[in-house]
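[1] This is the structure alone, sequence omitted:
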């Protein structure tokens with residue numbers, strides 16, 4: 001099966017005006033006052049100190065886009081993708097594309113409202129900065145109102161994977177390359193390696209989350225609501241990462257989806273002992289499958 005039938009490549013484009021600036025003149029002045037070499041100093045100034053809140057909120061939205069839309073692996077990350085080339089491109093299963101776009105659009109809309117707030121109050125922001133910075137104020141540090149909006153951009157670049165990217169064990173020689181079979185095999189091998197790592201990463205991620213939650217339930221430990229929420233999200237998206245249609249992963253995913261569907265939330269597991277025991281039993285069945293996978297998944 002062609003990989004481009006099961007996944008796409010997505011890249012974030014997040015641009016913004018930086019409300020901080022390195023000030024070499026200030027650095028030289030401080031160095032002169034203290035009689036030190038300017039090379040040992042680094043000075044910067046906040047261009048919008050009193051209005052910094054809205055700019056900080058834009059930075060926070062960008063962080064949420066990265067951690068909760070794109071990155072699926074890493075502490076606190078709940079996104080839908082894994083790195084593809086470590087140069088900005090991410091692999092996104094087509095099954096998760098709608099959820100990916102819904103969450104991205106929600107954050108993009110929030111970001112655009114904040115950017116509009118900046119643009120609408122731009123003259124006031126500059127006037128406040130002039131009062132704050134006094135002699136350090138430099139009008140050239142600030143773009144015009146017409147220009148400031150163009151400094152902000154938030155979008156996703158979507159790319160279709162090439163037909164040369166295959167999933168599964170078939171050794172396909174694609175004559176459309178017009179190159180040697182060894183070159184074709186090298187390209188396919190590299191792509192397969194990326195896919196295998198993606199599947200393994202998703203498997204490892206769901207296993208870690210399940211182990212933590214079931215350990216708490218088995219040993220009567222307290223756990224946060226988010227522990228179940230993370231398990232639920234990981235389980236709901238887990239099947240989309242089974243690019244090679246591994247039958248063991250299909251079975252494990254089905255068991256987990258069924259187990260999670262019977263639980264309405266973390267409080268359900270805390271208050272209903274029978275439900276908690278059934279949940280742990282089902283998770284243990286799935287975990288046994290995941291822990292005994294043979295070969296490449």
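    Ah, there it is. Predicted model only: the values in this text are computed from it and were never measured. Numbers count the residues shown, from 1 in each chain.
[2] Show me how this protein divides into domains.
    Each domain of the chain is listed here as a residue range: 3-159, 177-291, per automatic domain parsing.
[3] Out of these, point me to the one whose mean pLDDT is lowest.
    Comparing mean pLDDT across these, the weakest is domain 177-291, with a mean of 84.
[4] Report the distance from it to the chain centre.
    18 Å (Cα atoms, centre = their mean, to the nearest Å).
[5] all strands for this protein, in order.
    Listed in chain order, the strands found in the chain under DSSP state E are 7-15, 20-22, 44-46, 82-83, 90-93, 153-159.
[6] Identify whichever of the ones you listed lies nearest to residue 235.
    When the strands of the chain are compared by Cβ to Cβ, strand 90-93 sits nearest residue 235, at 14.5 Å. The C-beta positions use only the backbone N, C-alpha and C, and glycine is treated the same way.
[7] And the contacts of the closest one?
    6-11, 70, 80-84, 100, 194-195, 198, 237, 240-241, 243 (Cβ atoms under 8 Å, 6 or more residues apart in numbering).
[8] Roughly how far does residue 257 sit from residue 229?
    Distance check for residue 257 against residue 229: by Cβ to Cβ, to the nearest Å, it reads 15 Å.
[9] no wait, residue 245
    Separation of residue 245 from residue 229 (Cβ to Cβ): 28 Å.
[10] who has more neighbours, these two?
    The neighbour comparison of residue 245 against residue 229 (other Cβ atoms under 10 Å) goes to residue 229, with 14 against 11.
[11] from memory the more buried one sits against residue 267, does it?
    No. The pair residue 229 / residue 267 is not scored as a contact, 11.7 Å apart, by Cβ atoms under 8 Å.
[12] so what's the closest residue in space to residue 152 that isn't next to it in sequence up against?
    Distances taken as Cβ to Cβ, 6 or more residues apart in numbering place residue 115 nearest to residue 152, at 4.7 Å, with adjacent residues excluded. Contact analysis of residue 115 by Cβ under 8 Å, 6+ apart lists 58, 149, 152.
[13] one more time with 10 Å
    Applying Cβ atoms under 10 Å, 6 or more residues apart in numbering to residue 115 gives the contacts 16, 17, 54, 58, 61, 148, 149, 151, 152, 153, 154.
[14] Most distant residue from the centre of the chain?
    Ranked by distance from the centre of the chain (Cα atoms, centre = their mean), the top residue is residue 35, with 46.5 Å.
[15] Now that residue. Its backbone dihedrals?
    Torsion angles at residue 35 (phi, psi; degrees, to the nearest 10) stand at phi 70, psi 40.
[16] For it, give me its contacts.
    The contact partners of residue 35, by Cβ under 10 Å, 6+ apart, come to none.
[17] how far away is it from residue 136?
    For residue 35 relative to residue 136 (Cβ to Cβ), the value is 21 Å.
[18] Show me what the residue minimising distance to the centre of the chain bridges to in the sheet.
    With distances taken as Cα atoms, centre = their mean, residue 71 lies nearest the centre of the chain, 2.2 Å away. Beta bridges link residue 71 to residue 81, judged by DSSP bridges.
[19] Give the buried residues for stretch 138-156.
    142, 148, 149, 152, 154, 156 (16 or more other Cβ atoms under 10 Å).
[20] Dump the strands of the chain to JSON lines, plus distance to residue 75.
    As requested, those are exported to JSON lines (distance: least, Cβ to Cβ, whole Å):
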{"stretch": "strand 7-15", "distance to residue 75": "19"}
{"stretch": "strand 20-22", "distance to residue 75": "26"}
{"stretch": "strand 44-46", "distance to residue 75": "29"}
{"stretch": "strand 82-83", "distance to residue 75": "15"}
{"stretch": "strand 90-93", "distance to residue 75": "18"}
{"stretch": "strand 153-159", "distance to residue 75": "24"}
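[21] Cheers, nothing more for now.
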